[in-house]
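# let's see this in three dimensions:
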Amino acid sequence: MTGGDGLLNMYFLENNFKSYGSLFREYFSPDFFWPYRNVFAYSDHLLIPGMIYSVLRLALGNAHAFSLLLLIVLVFNYLSLRWSLCRLSSSSNPFLLTVVTCSCVFSPVAINDGLSHIQLLPLFFVGPLILSVASFFAGEAGEWSKAVVLALIFLTLQLFIGIYVYVFTAYVLVLALMVELVLAVFSGNFLGRTHVSPLACWVKNSWPRFLVASLNHLKKTRNLVLLLMGLLVAAGCFHIPYLRTISDFGDRGHLDPSQMPKPLSLINGVDTMMVPSPIDWHFFWGERPVVDGWEQSLFPGYLFIALFIASIGVAVWSISLSRSSSSFEMFFGSDGSRKVFFKWFLLAILCWLGVVQVANLPTLYSFVVHLIPGAKALRVPSRVLPVVIYFTAPFLVLSLSRIRFAFNSGLRNLVGGVSVIAALCFSERSGFGGFDYSSWYKALSSISVELRNKKCSHFFVSALYDSVGRPLHVVERHLLGMHAQQFSGVKTVNGYSGFIVQDGYPYEFEGDDGVKALGWALFQSKSDNVRNKTGEDVYVPCDVRVTSLANPLAFDVRIVSPRMLRYPKAVYRKNGIILMRGNKNELFVGFDSPERFPVFWPVAAGRDGGPELVDIDGYRPSNVYKRGSKLYIVDTPMPGRGKVGSFCRVVDLDQRRLSSVMWSGYRNSPDPSVVCGD
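Now for the predicted structure:
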């Protein structure tokens with residue numbers, strides 16, 4: 001198995017498995033990134049892969065279940081694509097179908113991305129989607145309406161796998177719709193009705209008939225429509241936390257041209273391939289990538305490239321053989337099979353040209369994703385390539401099947417077998433992503449036992465070193481903390497996901513900064529008390545340091561005294577506003593939220609820039625409210641201090657400083673209308 005994101009996805013899958021026992025009560029709030037909630041919505045949920053994993057998990061350990069899940073998903077991908085290609089072109093040679101399927105399913109970019117990021121691997125719904133697009137391209141009204149409903153059903157199911165495969169599949173489906181509509185408009189042939197006319201005539205004559213015919217046929221697919229509506233409602237309810245996450249964090253930069261695939265990316269492979277790509281990311285540059293941007297090792301494989309070039313050659317050759325017909329008749333003539341072939345040809349070309357970015361210019365993908373809900377959540381748009389490869393497979397089969405293979409059955413089997421073996425060998429060599437899970441698991445188990453023995457309420461892994469004393473990457477440190485939380489049941493401040501919490505989260509904190517990280521957690525928490533695994537209301541923060549990951553006993557779990565943690569303490573809370581006291585009585589203000597913990601910031605005292613204090617000469621806050629950009633704090637006398645009257649402090653929220661102070665005279669009242677003259 002792989003480390004890094006592989007361990008992250010194993011954590012998410014295990015969360016799916018354990019959530020079934022709790023009936024999903026804490027599904028979106030596992031105890032990492034403590035004290036934040038709904039943190040599971042910061043990354044892909046892997047719901048459908050999680051179901052398969054959970055079945056395997058009943059009989060296997062988490063690592064073996066995860067590895068077997070990868071194999072099962074690859075088998076499902078192969079069977080789905082092979083079945084759809086066979087249905088699409090039943091007259092094609094079986095060995096051709098096998099070769100094309102293997103070149104797509106076991107493409108190096110698909111394997112490399114999928115094994116590292118399992119949210120990209122399950123593409124077994126692409127097969128039914130290919131058949132839906134094929135029915136859509138066929139041109140019959142009844143089949144068209146049914147195909148659209150089926151396509152939307154399988155697209156919605158993609159959403160239950162993850163946001164990446166859903167958005168990328170939706171991108172291809174939008175392009176398929178564009179191909180069909182553009183060709184229909186300019187040919188006047190739509191759904192079997194020929195009206196060779198310009199756009200206005202088509203809209204006038206064809207569109208009303210199409211709409212009526214589609215509505216009539218939708219009545220015959222009532223059960224499918226009801227299923228689609230049920231899936232959409234379920235998907236909408238399930239993804240409410242994800243909508244909140246997108247609202248909180250905003251755009252992920254999915255339109256950044258630098259993150260799209262480049263022409264050079266298509267020959268740039270990883271250095272773990274058995275047969276090297278033309279270039280790899282270390283080529284002539286040492287540790288510097290050849291292509292700028294995230295995950296630009298997108299080499300699709302020698303076999304796929306050869307098949308794609310040959311298919312384009314066949315398409316061009318087919319056009320040249322029909323010189324007697326005009327190009328208009330070539331693409332829009334009465335030969336249905338020929339039209340479908342060229343529609344797949346145009347779709348394949350559009351898919352590839354739409355995602356490859358040249359000279360820092362915007363791509364077609366950048367415009368299309370505006371139409372897709374949820375596309376803003378994507379971090380790495382270059383991951384679209386495996387989906388594009390799968391949807392290129394129909395064009396490869398339809399194109400190459402036009403060639404008459406003069407091979408006998410024995411030679412065909414030999415060629416097919418060699419091609420399959422080549423596709424597998426060209427993907428990755430053995431040991432890809434090799435990770436010493438055994439040593440990691442032993443250290444993880446020892447740490448988890450110690451956390452329980454010391455009755456820690458929460459912890460932070462502040463240091464992690466390898467066997468020779470070198471600090472490991474910050475991601476590995478956070479992942480160790482997350483898995484220790486899952487093993488022990490003790491909350492962790494560590495966390496890693498598609499989104500990283502904001503508000504000064506100690507992502508890079510390490511070493512002695514573990515105390516600062518634990519202080520940050522308490523600073524963000526709503527209560528000084530948390531509940532440990534035994535159910536006791538205690539506060540026992542622990543700092544974990546691992547001096548050698550190879551030695552399961554080379555670690556230290558240290559209980560940190562709360563007095564060592566420098567953090568503001570809540571002194572007053574009302575109307576969603578929180579007032580907190582710092583170590584030197586300085587005033588902090590924050591705003592509560594049901595979904596995310598607040599960010600507190602100090603209030604400056606007027607123009608001098610010094611800190612405003614919570615308690616002022618025998619007075620303390622007794623009321624607080626907000627109006628516009630002003631915050632009003634009402635201070636009343638402390639008992640036994642001999643003070644009279646009330647103060648109203650006005651804080652300018654834009655400048656985060658005290659703007660004015662008013663005294664009510666001798667009226668001791670927390671009522672803002674009395675004190676602040678409101």
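
# in the stretch 401-550 of the chain, which spans are strands?
With strands called from DSSP state E, counting those that start in this stretch, the stretch 401-550 of the chain shows them at 458-464, 491-492, 530-531, 537-538, 541-546.

# out of those strands, the one nearest residue 149 is which?
The closest approach between residue 149 and any of the strands of the stretch 401-550 of the chain, judged by CB to CB, belongs to strand 491-492 at 44.9 Å. Just so you know, the C-beta spots here come from the backbone N, C-alpha and C atoms, and that holds for glycine as well.

# need the residues that contact the closest one.
With contacts defined as CB atoms under 8 Å, 6 or more residues apart in numbering, strand 491-492 is touched by 31-32, 34-35, 457-461, 481-482, 484-485, 530.

# mean neighbour count and distance to residue 122 added to the strands of the stretch 401-550 of the chain, as CSV?
Conversion of the strands of the stretch 401-550 of the chain to CSV gives the following (neighbours: other CB atoms under 10 Å; distance: least, CB to CB, whole Å):
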stretch, mean neighbour count, distance to residue 122
strand 458-464, 26, 31
strand 491-492, 26, 28
strand 530-531, 17, 36
strand 537-538, 12, 42
strand 541-546, 24, 34
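
# lowest average pLDDT across those?
When those are compared by mean pLDDT, strand 530-531 comes last with a mean of 46.

# and of the strands of the stretch 401-550 of the chain, who's closest to residue 132?
Within these, the stretch nearest residue 132 is strand 491-492; the backing value is 44.0 Å (CB to CB).

# strand partners (parallel or antiparallel) of that closest one?
In the sheet containing strand 491-492, the strands it pairs with under DSSP bridges are strand 458-464 (parallel).

# so residue 157 versus residue 128, what's the distance?
Distance, residue 157 to residue 128, by CB to CB, to the nearest Å: 9 Å.

# follow-up on the earlier one: compare the strands of the stretch 401-550 of the chain and give me the one nearest residue 514.
Taking CB to CB as the measure, those were each checked against residue 514, and strand 458-464 came out nearest at 2.8 Å.

# between the contacts of strand 491-492, which is closest to residue 657?
For residue 657, the nearest member of the contacts of strand 491-492 is residue 35. The distance, counting by CB to CB, is 28.3 Å.

# wait, isn't that closest one in contact with residue 520?
No: in this structure, residue 35 is not within contact of residue 520 by CB atoms under 8 Å, at 10.0 Å.

# the more surrounded of the two?
Counted by other CB atoms under 10 Å, residue 35 and residue 520 do not tie: residue 520 has more neighbours, with 22 against 18.

# neighbours of residue 348, just the number please.
Residues contacting residue 348 under the criterion other CB under 10 Å number 26.

# check residue 305 too.
16.

# dump the strands of the stretch 401-550 of the chain to JSON lines, plus distance to residue 233.
Formatted as JSON lines, the strands of the stretch 401-550 of the chain follow (distance: least, CB to CB, whole Å):
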{"stretch": "strand 458-464", "distance to residue 233": "37"}
{"stretch": "strand 491-492", "distance to residue 233": "34"}
{"stretch": "strand 530-531", "distance to residue 233": "35"}
{"stretch": "strand 537-538", "distance to residue 233": "40"}
{"stretch": "strand 541-546", "distance to residue 233": "43"}
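
# right, and the ones you listed - which one's nearest residue 231?
Nearest of the strands of the stretch 401-550 of the chain to residue 231, taken as CB to CB: strand 491-492 at 34.7 Å.

# how about residue 127, what does it touch?
Contact analysis of residue 127 by CB under 8 Å, 6+ apart lists 79, 80, 81, 83, 84.

# redo that, cut-off 10 Å
Contacts for residue 127 were tallied using CB atoms under 10 Å, 6 or more residues apart in numbering; they are 76-88, 101, 154, 390, 393.

# that one belongs to a strand, doesn't it?
No: the assignment for residue 127, made by DSSP: H, G, I helix; E, B strand; the rest coil, is helix rather than a strand.

# and the pLDDT for it?
According to the prediction, residue 127 has pLDDT 89.

# tell me where the model's unsure across the stretch 401-550 of the chain.
Scanning the stretch 401-550 of the chain for pLDDT under 70 picks out 404-435, 502-504, 506-513, 523-538.

# ramachandran coordinates for residue 629?
The main-chain torsion angles of residue 629 are listed as degrees, to the nearest 10 and equal phi -100, psi 20.

# return the distance of it relative to residue 166.
Distance check for residue 629 against residue 166: by CB to CB, it reads 40 Å.

# that older thread, common neighbours of residue 35 and residue 520, please.
By the contact definition CB under 10 Å, 6+ apart, residue 35 and residue 520 are jointly contacted by residue 493.

# just the strands in the stretch 1-150 of the chain please.
Along the stretch 1-150 of the chain, no stretch is classed among the strands by DSSP E, counting those that start in this stretch.

# next structured bit after the helix or strand of the chain at the bottom of the mean pLDDT ranking?
When each helix and strand of the chain is scored by mean pLDDT, DSSP states H and E, helix 327-332 comes last, with a mean of 44. Following the chain from helix 327-332 toward its C-terminal end, the next helix or strand by DSSP states H and E is helix 336-355.

# show the subsequent helix or strand relative to that following helix.
Helices and strands here follow DSSP H and E; after helix 336-355, the next one along the chain is helix 364-368.

# for that next one, packing partners?
Packing partners of helix 364-368 (3 or more CB pairs under 10 Å, 6 or more residues apart in numbering; DSSP states H and E): helix 163-187, helix 336-355.

# CSV for the ones you listed, including distance to residue 241 and mean pLDDT?
Rendered in CSV, the data for the helices and strands packed on helix 364-368 read as follows (distance: least, CB to CB, whole Å; pLDDT from 0 to 100):
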stretch, distance to residue 241, mean pLDDT
helix 163-187, 12, 82
helix 336-355, 29, 83
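
# of residue 629 and residue 166, which one has the most company?
In this comparison of residue 629 against residue 166, neighbours counted by other CB under 10 Å, the higher total goes to residue 166 at 24 against 11.

# test my guess that the more buried one contacts residue 152.
No: distance between residue 166 and residue 152: 11.6 Å, which falls outside the contact criterion (CB atoms under 10 Å).
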